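[1] give me a model of this one.
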Amino acid sequence: MAAMLATGAQAVAVADPSPEAVAAARDLAPAAVVVDSLDAMLALGLDGVVIATPSALHAAQSIRALDAGVAVFCQKPLGRTAAETRAVVAAARAADRLLRVDLSYRFTAGMIAIRDAIRHGELGEVFAVDLTFHNAYGPDKPWFFDPAQSGGGCVIDLGVHLVDLALWVLGGDTTGAVSATLKHVRRPVGAGEVEDFAVAEFRVGQATVRLTCSWNLHAGRDAEIAAVFYGTAGGAAWRNVGGSFYDFTAERFTGTVAGILTDGPDDWGGRAAADWAARLTVARGFDDEAESVIRVAEVLDLIYAA
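    Numbering: from 1, shown residues only. Now for the predicted structure:
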C-alpha cells in the first residue's frame, strides 16, 4: 500500500475485517473511508481495487470488480485452479481493464539481471533449472490448511512464485509429462489435507525444471529461496541471503568461477503493486501480460494432478 501511494495514487477506501489492519491502512491514508464490503467499495467509482483476501475469494472478487469496470491488483494465486484463473482473465479482457497479480519476485534486481542475461544468450541454451522455496515456519492463518479455501498447500502458496519465474525467465511453454511427489507430515496427502512438502519436475521448452518447496522444514533458517539456471555457456543463480525473505543476491557462473550480478539493498517488495498503480495513470485497459498467469496456473494443476 505504501509503495502504491508513493506513485501518487490516492487511497479512497479500505475494507478489512481486522481492526488492526484497518488502523494500519488509515495510518498510511488518513483520508480513506472505511467500508464494510467490496460492493460498498466498488460503489465509490474507483479506478482500481487491491484484493488481499483468502485465496478462495480471489477469483470471484476479482471478477466482481472487473465486471464493475474497475482494474484489479490481486494477491497470488489469482485462482485456486487454472479454470478459475482463466475466468478472471476472460473477465478482464471483456471489461478491458488492467489485471495484475502480485508475483513480486519478477521485480527483484537479481531476477531481472538473470532474465536479461538469458534473453541475450549469455548462458547459451538453458537446459536445467533448480527452484527452491522452503518456509521454515509456514503460514500462520488456519485457512491456508483448508484445501477448499487455499486450493492447496506449499505448491500453490510458494511454488506459484517459482513456476512463474521459470516461465517468465525462459519465455517458453511447458512440454512433456509432469512428475510430482506431495507429502503431508512426511506421508502422502490425504483427504481434507494440503501438502507441506513437494518435489516436482517439468519442462519449459528444452529445459528440465526441478522444483522443491515446503512449509515447516528443518531448514536451519527462516527461509531458503533460490532459482538456479544452467546453460551450455554458463550459469546463474538468484538466492536469498542469510535466510531472509527480503534480501537476495544474484551470481553468474562460468566453469568454477562465480561473479556477482547484483548484491546489496533492493527495495523490491512493493514494485509489482507500484507498477500496477503507475500504469493506471496512463491506461486502465487490458494488457496481454495477464495471460501469463494462466500458464502458471496450468502448471500448478499438472503438478497436483501428477
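
[2] how much space between the closest residue to residue 241 other than its chain neighbours and residue 274?
    Nearest residue to residue 241, sequence neighbours excluded (Cβ to Cβ, 6 or more residues apart in numbering): residue 247, at 4.2 Å. No exception for glycine: its C-beta is placed from N, CA and C like everyone else's. Going from residue 247 to residue 274 by Cβ to Cβ, to the nearest Å gives 19 Å.

[3] cool, residue 129 as well?
    For residue 129 relative to residue 274 (Cβ to Cβ), the value is 28 Å.

[4] ok, these two, which is more surrounded?
    Per other Cβ atoms under 10 Å, whichever of residue 129 and residue 274 has more neighbours is residue 129, with 23 against 18.

[5] now that one: phi and psi?
    Phi and psi for residue 129, reported as degrees, to the nearest 10, are phi -140, psi 130.

[6] residues making contact with stretch 54-64?
    Contact partners of stretch 54-64, identified using Cβ atoms under 8 Å, 6 or more residues apart in numbering, comprise 38-39, 42, 51, 53, 72, 74-75, 77-80, 84-85, 87-88, 91-92, 99, 141, 143, 148-151, 156.

[7] switch the cut-off to 6 Å
    Stretch 54-64 is contacted by residues 38, 51, 72, 74, 77-80, 84, 88, 91, 143, 149-151 when judged by Cβ atoms under 6 Å, 6 or more residues apart in numbering.

[8] hang on, the earlier thing: phi, psi of the residue nearest to residue 241?
    Dihedral angles of residue 247 (phi, psi; degrees, to the nearest 10) stand at phi -100, psi 130.

[9] touching, it and residue 225? I think so.
    No: using Cβ atoms under 6 Å as the test, residue 247 is too far from residue 225 to be in contact (10.2 Å).

[10] which one's more surrounded, those two?
    Comparing residue 247 with residue 225 by neighbour count (other Cβ under 10 Å), the higher total belongs to residue 225, at 23 against 16.

[11] and the more buried one, what does it touch?
    Residue 225 is in contact with 133, 240, counting by Cβ under 6 Å, 6+ apart.

[12] give the contact list for residue 279.
    Shown in contact with residue 279 (Cβ under 6 Å, 6+ apart): residue 98.

[13] hang on, the earlier thing: what about the contacts of stretch 54-64, which one has the most neighbours?
    Among the contacts of stretch 54-64, the one with the most neighbours (other Cβ under 10 Å) is residue 78, at 30 neighbours.
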